[in-house]
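Asks: next come a sequence and a model predicted from it.
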Amino acid sequence: MYLPDDQRYDKMLYRRCGSSGLRLPAISLGLWHNFGGVDAFENMRAMLCRAFDLGITHFDLANNYGPPPGSAEENFGRALRADLGAWRDELIVSTKAGYLMWPGPYGEWGSRKYLLASLDQSLRRMGLDYVDIVYSHRPDPDTPVEETMSALDSAVRAGKALYAGISNYNPEQTARAVAVLRQLGTPCLIHQMKYSMFVRTAEQGLFARLAAEGIGGIAFSPLAQGLLTDRYVEGIPDGSRASKPGTFLKQTDVTEARLAQVRALNEIARQRSQTLAQMALAWVLRHGVMSSALVGASRVEQIEQCVDAVKNIEFTAEELQRIDEIAQQD
Ligand SMILES: NC(=O)c1ccc[n+]([C@@H]2O[C@H](COP(=O)([O-])OP(=O)(O)OC[C@H]3O[C@@H](n4cnc5c(N)ncnc54)[C@H](OP(=O)(O)O)[C@@H]3O)[C@@H](O)[C@H]2O)c1
């Protein structure tokens, strides 16, 4: 029987999510990859338990994570029943709906019909009465934002979610969604955005908007899906994301130019006595608006290494400048 480590809260940093009452671990674990029906259950079980032992309280899912879609939520439910479920009140579980999940006009985007049906399905797959955070996974250009946000508000009022969040909304879409949620009486807790040393779009207005509104940020793909680690320095290893079909990290993304940047960044990390993965996470966490860096992992050791990023999240101005010079080369 799994018993969590008594010292699990001693090393992790917990950061307030915007101006809410909720604190999130500086490192959270996402189940987009490596938790599907095609993956080994014992490995995911080991990763989830080790993550919790290391103070990771937040696990991020979505209706479509797998493959096949839905299987990550099923496996997470299985792991809850096997190990972590007794600690439900110490866990922050999130799910999302927005991308294609089932055929027909009600299986994706932002209608009330889709979002509420999807949340019910997610709860059934995970065997939960409620999730902690329900997200609109992407803005829907054809559905009034009032409808999408009122579906999130309804989910919270029905007790099926404790908080509402949005993901992949640009600054203007964020401002509108936040205003509608506030009017409905369910403030927007969190915004989940892609952000890493290689992907900086969020710096162009989104962070300022979140800070002004008191909304927490959580950065997804902070390791650029594995590129900002030592994973690809010697080529594309078997079993890595870039080696697998149907992922969003293509072999063609692992270019010589990219690897030259990775090696130069790796050198800065070495001088900071960190691994590149740790420096990449620390770099994301340096923003006051950032509640958490949301990592993925394929094995326990990766999680152990990532968690140690919190030991040093300070940067000198020279380090930041050097990182910008390297990471922003075309
Ligand atoms: N809201 C959205 O639209 C959206 C989109 C994408 C992701 N997300 C969320 O964000 C989470 C994280 O995304 P991501 O998986 O792309 O994040 P990531 O942390 O940038 O990449 C994770 C990958 O990096 C590698 N890795 C992790 N730690 C490592 C270490 N210490 N050393 C070497 N390699 C390491 C592993 O690759 P290998 O698998 O190759 O070992 C791992 O699968 C997802 O699970 C999901 O919850 C949300």
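Replies: The structure has been received and is ready for your questions. Fair warning: this is a prediction, and the values are worked out from it, not measured in the lab.

Asks: the ligand contacts on the stretch 1-150 of the chain?
Replies: 30, 31, 32, 33, 34, 60, 137 (C-beta under 6 Å from any ligand atom). For every residue, glycine as well, the C-beta is placed using N, CA and C.

Asks: just put those in JSON lines and tack on secondary structure.
Replies: Supplementary listing: these in JSON lines, determined by DSSP: H, G, I helix; E, B strand; the rest coil:
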{"residue": "30", "secondary structure": "strand"}
{"residue": "31", "secondary structure": "coil"}
{"residue": "32", "secondary structure": "coil"}
{"residue": "33", "secondary structure": "coil"}
{"residue": "34", "secondary structure": "coil"}
{"residue": "60", "secondary structure": "strand"}
{"residue": "137", "secondary structure": "coil"}
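
Asks: closest to residue 295 among those?
Replies: Using C-beta to C-beta, residue 30 is the member of those that sits closest to residue 295, with 6.7 Å.

Asks: separation between residue 105 and the ligand?
Replies: Distance from residue 105 to the ligand, counting by C-beta to the nearest ligand atom, to the nearest Å: 22 Å.

Asks: my bad, should have said residue 148
Replies: The spacing between residue 148 and the ligand, counted by C-beta to the nearest ligand atom, is 15 Å.

Asks: all helices of the stretch 151-300 of the chain, in order?
Replies: 171-184, 206-213, 256-271, 276-285, 300-307 (DSSP state H, counting those that start in this stretch).

Asks: out of the residues of the stretch 1-150 of the chain next to the ligand, the closest to residue 197 would be?
Replies: Once C-beta to C-beta is applied, the member of those that ends up nearest residue 197 is residue 30, at 18.2 Å.

Asks: who's that closest one bridged to?
Replies: On the basis of DSSP bridges, residue 30 is bridged to residue 60.

Asks: please apply the same query to residue 196.
Replies: With DSSP bridges as the rule, residue 196 is bridged to residue 199.

Asks: can I get the helices of the stretch 151-300 of the chain in a markdown table with mean neighbour count and distance to the ligand?
Replies: Output for those, formatted as a markdown table (neighbours: other C-beta atoms under 10 Å; distance: least, C-beta to the nearest ligand atom, whole Å):
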| stretch | mean neighbour count | distance to the ligand |
| --- | --- | --- |
| helix 171-184 | 18 | 14 |
| helix 206-213 | 18 | 13 |
| helix 256-271 | 16 | 11 |
| helix 276-285 | 25 | 4 |
| helix 300-307 | 19 | 3 |
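
Asks: residue 98 is nearest to which of these?
Replies: helix 171-184 (12.4 Å).

Asks: what residues does the closest one touch?
Replies: 136, 139, 145-146, 148-150, 152-153, 164, 166, 169, 187-188, 191, 204-206, 208-210, 213, 215 (C-beta atoms under 8 Å, 6 or more residues apart in numbering).

Asks: appreciated, that's everything.
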